[in-house]
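*Asks:* no FASTA, just this:
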């Protein structure tokens, strides 16, 4: 009887160890895993310490304020779209790639945007395409845009814009003055400075603006295939052009 108990105990212990070894080896990854096809709604690319460096997502799981990434809130006003978001070594969002397109009641709407952000700020470079159709009229713009951003801008500037929006409802003059104060501090402002591409009026060329976003020079080919070079004053008046 004692010999049988010893045998049964030894057999039980050996079986338990065998199950543990088989379970651990089943989940142990050896080398790269290869998949022919995979369906997934969202992928988070992370570092060893858990820092999210890239998010690839469908529309429904696109982060727009309902969750946080790297212990930082996400943009609550951003429309949900399929695409990617990029994050730097500190876990701060630094750019993204989004796209969409769908039929409307009287046409369609489609777009694509690839952006790179200023450190802890908004976009300083954008590759943009927009395609709208309303009835028989179709408007397409495609451009590479470079922007100036405020020196002290952060991604938490939404609080400042909300403050100005509330103040504007009761005192528009005070709201404007407060905005100018934030611009002087380098917290708000910025402007598109360089645009290379096609406008809605089918001008294809190079468009240069001043630090307030006002057009200063254009070199383009118009819808009639004529090349033009134009310069503007601060009020948008043409001060020189070739050909005249």
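*Replies:* That came in fine, so what should we check first? Fair warning: this is a prediction, and the values are worked out from it, not measured in the lab. Residues are numbered from 1 along each chain as shown.
*Asks:* and residue 126, how many neighbours?
*Replies:* By other C-beta atoms under 10 Å, 19 other residues sit near residue 126. Where you see a C-beta, it was placed from the backbone N, CA and C, and this is true even at glycine.
*Asks:* any idea whether it is helix, strand or coil?
*Replies:* strand (DSSP: H, G, I helix; E, B strand; the rest coil).
*Asks:* again with residue 216
*Replies:* Assignment for residue 216 (three-state DSSP): strand.
*Asks:* How much space separates it from residue 230?
*Replies:* In this view, residue 216 and residue 230 are 10 Å apart by C-beta to C-beta, to the nearest Å.
*Asks:* surely residue 106 meets residue 134?
*Replies:* Yes - look at residue 106 against residue 134 with C-beta atoms under 8 Å: they come within range, at 5.7 Å.
*Asks:* more neighbours, those two?
*Replies:* Shown here are residue 106 and residue 134; by other C-beta under 10 Å, residue 134 has more neighbours (13 against 10).
*Asks:* number of nearby residues for the closest residue to the more buried one other than its chain neighbours?
*Replies:* Spatial nearest neighbour of residue 134, chain neighbours left out: residue 107 (4.7 Å); criterion: C-beta to C-beta, 6 or more residues apart in numbering. Residues lying near residue 107 (other C-beta under 10 Å) number 15.
*Asks:* again with the one 4 residues further on
*Replies:* The burial count assigned to residue 111 is 15, neighbours taken as other C-beta under 10 Å.
*Asks:* which ones are touching it?
*Replies:* 99-101, 128-131 (C-beta atoms under 8 Å, 6 or more residues apart in numbering).
*Asks:* For the host helix or strand of residue 112, what is the distance to the chain centroid?
*Replies:* Using DSSP states H and E, residue 112 maps to strand 107-117. When C-alpha coordinates are averaged (C-alpha atoms, centre = their mean, to the nearest Å), strand 107-117 and its chain have centres 10 Å apart.
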